[in-house]
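sequence below, structure please.
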Amino acid sequence: MDRNTLEFVTYCIGMLSLHHHLPQQEVYSRLKKSGILYDYIVPSYDVLHTFSSNYLMEDLTDYMKEKGVLD
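Numbers count the residues shown, from 1 in each chain. The predicted structure is shown next:
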């Protein structure tokens, strides 16, 4: 994972943490356990990083719900 991707992953975790009022470690754990982190966010960096913050949070939230790691 290159530096830009790592910074983006960190940004996503931080924003999801704020958006859902969860600790960052909990968000990271849920993303990692569900496969969203390494099967979606990291490989899709080139596309995802072009999204607005609001759209990105909606997209990731919907995917987390679909994977059953968020109510």
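
what's the lengthiest helix in the chain packed up against?
Assignment by DSSP state H gives helix 3-20 as the longest helix of the chain. Counting by 3 or more CB pairs under 8 Å, 6 or more residues apart in numbering; DSSP states H and E, the packing neighbours recorded for helix 3-20 are helix 24-34, helix 45-48, helix 53-67. Yep, even glycine has a C-beta here, placed from its N, CA and C like the rest.

could you redo the last one with a cut-off of 6 Å?
With contacts defined as 3 or more CB pairs under 6 Å, 6 or more residues apart in numbering; DSSP states H and E, helix 3-20 has these neighbours: helix 24-34.

mind exporting the helix it packs on as CSV, just the C-alpha atoms?
Coordinates of the C-alpha atoms in helix 24-34 are reproduced here as CSV (Å, rounded to 0.1, in the frame of the first residue of the first chain):
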residue,chain,number,x,y,z
GLN,A,24,-11.6,4.6,15.2
GLN,A,25,-10.3,1.2,16.4
GLU,A,26,-13.9,-0.2,16.2
VAL,A,27,-14.3,1.2,12.7
TYR,A,28,-11.0,-0.3,11.6
SER,A,29,-11.8,-3.6,13.1
ARG,A,30,-15.2,-3.8,11.4
LEU,A,31,-13.7,-2.8,8.0
LYS,A,32,-10.9,-5.3,8.3
LYS,A,33,-13.1,-8.2,9.6
SER,A,34,-15.7,-7.7,6.9
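
quick one: average confidence on that helix?
For helix 24-34, mean pLDDT is 98.

who touches that helix?
For helix 24-34, the surrounding residues in contact (CB atoms under 6 Å, 6 or more residues apart in numbering) are 13, 16-17, 37, 67, 69.
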